[in-house]
Each structure stands twice: as structure tokens, then as C-alpha cells.
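[1] fold the following for me, if possible:
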Amino acid sequence: MSDRLRTAHTHELTPATRQLLRAALDDFFEGDFSDEDWEHGLGGVHAYVEDAGGRIVAHGSVVMRRVVHAGRAHRVGYVEGVGVRDDRRRQGLGHRVMEALEGVVDRAYDFGALSASDEGALLYRSRGWHLWRGTVEGYGPHGTVHLPDEEGSTFLRPAAGRRLPAPEDGPLLFDWRDGDVL
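    Below you'll find the model as predicted:
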């Protein structure tokens, strides 16, 4: 196989590689990947695929977030910036990236979480991610904020040997951040 999967923490990426990743994500998301979206994916582990020519054809990252559920704060591996170059979709690259990120979730977090587009949801469901069927909220600068637009697109995945939160036990309350909270 001529494609190569790489993993690295943000601090291990050279400035040139960070620029290549940022440009690739702009391409993957057809210009709909903001500076805040980029910022959300930094500070954790990146998994990306380079083709034989060294071009980045797929990317995703997992960062630590705090999520409170049923009175307990959880360390959650939050998946960000998963994308595949248009001409390389449906070739298993998203699965390769997710497999690497899920390994990080299994070894470092209570569970994984992400917010999926309709197209992305197919990938995550096929990999055993579960749609959260409860309330989603965020701790905002002025208190707790209900995030109804995130309900129906928030997916969770248990880390190895752990159980997922149950919707009947209350909402998921995510830490606040600039831009999209999820």
C-alpha cells in the first residue's frame, strides 16, 4: 500500500506539517473549515494519511474535553476535523484514521464523543459509535446553555471496558469553547 498513516501529537508536528494539515482540511471541507474549527483540533493526537507523493489525503484528531454527566466530570476524547480528500473517499481512509483515534480514546479517556454531519454519521455508526438520544448542553460564560442543534448529531463511543452515560440520567454538559461548542 502506498498510503501511509501517521500519528503525532500537535506538539510533534512541524510548522510546515501543520500548514499542510490546515490546507488539507480547507480542501476536504470545501472552504467551510474555520479558524475556530482548526483550533478545536489542536492540542491532541492527529492521525493523517499521506499518499505516495506526500500529499495529505485524510485527517482526524482527538483532543481532551470535560463532559459532566449525572454529577460526574469525565475526561472525554473528542474527535475533530475528520475529513478525506474528495477523490479518495470510499477507499477506507476514514476508517484508518478513526481506528487510530479510537485507539487513543481506548487508552486515555472515559469515552469518545463527536458531532457528526449526516455524511459522517454513516462512518461513525459503522464503527460502533452510538447516537446520543438525550439532551446536550454546554457550560457558557453566563451559565448552562441548551444546545438543541447538537441533539441528533452527537455520537459517543465507550472506551475499552467502560460503559456509556445513559440519557435517562441527565444531559451531557460540555465545556465551553469559542465557535461551535461541539
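
[2] okay, CA-based contacts and neighbour counts for the rest of this
    OK.

[3] now the end-to-end length of stretch 51-60.
    Counting by Cα to Cα, to the nearest Å, you get 16 Å between the two ends of stretch 51-60.

[4] the biggest helix by length in the chain - contacts with which helices or strands?
    Longest helix in the chain by number of residues (criterion: DSSP state H): helix 93-108. The contact analysis (3 or more Cα pairs under 8 Å, 6 or more residues apart in numbering; DSSP states H and E) places helix 93-108 against strand 4-9, strand 45-50, strand 56-69, strand 72-84, strand 111-115.

[5] now that helix against strand 56-69, angle please.
    Interaxial angle, helix 93-108 versus strand 56-69 (axes from the mean of the first three to the mean of the last three Cα atoms, to 10 degrees): 40 degrees.

[6] re the thing from before, out of the helices and strands packed on helix 93-108, which gets nearest to Leu25?
    Evaluated over these, closeness to Leu25 peaks at strand 72-84, with 6.8 Å, by Cα to Cα.

[7] re the thing from before, among the helices and strands packed on helix 93-108, which is nearest Glu36?
    Minimum separation from Glu36 across the helices and strands packed on helix 93-108 (Cα to Cα) falls at strand 72-84, 11.1 Å.

[8] what residues does the closest one touch?
    Contacting residues not belonging to strand 72-84 are listed as 25, 28-29, 37-38, 40-41, 57-68, 93-94, 97, 101, 104-105, 108-114 [Cα atoms under 8 Å, 6 or more residues apart in numbering].
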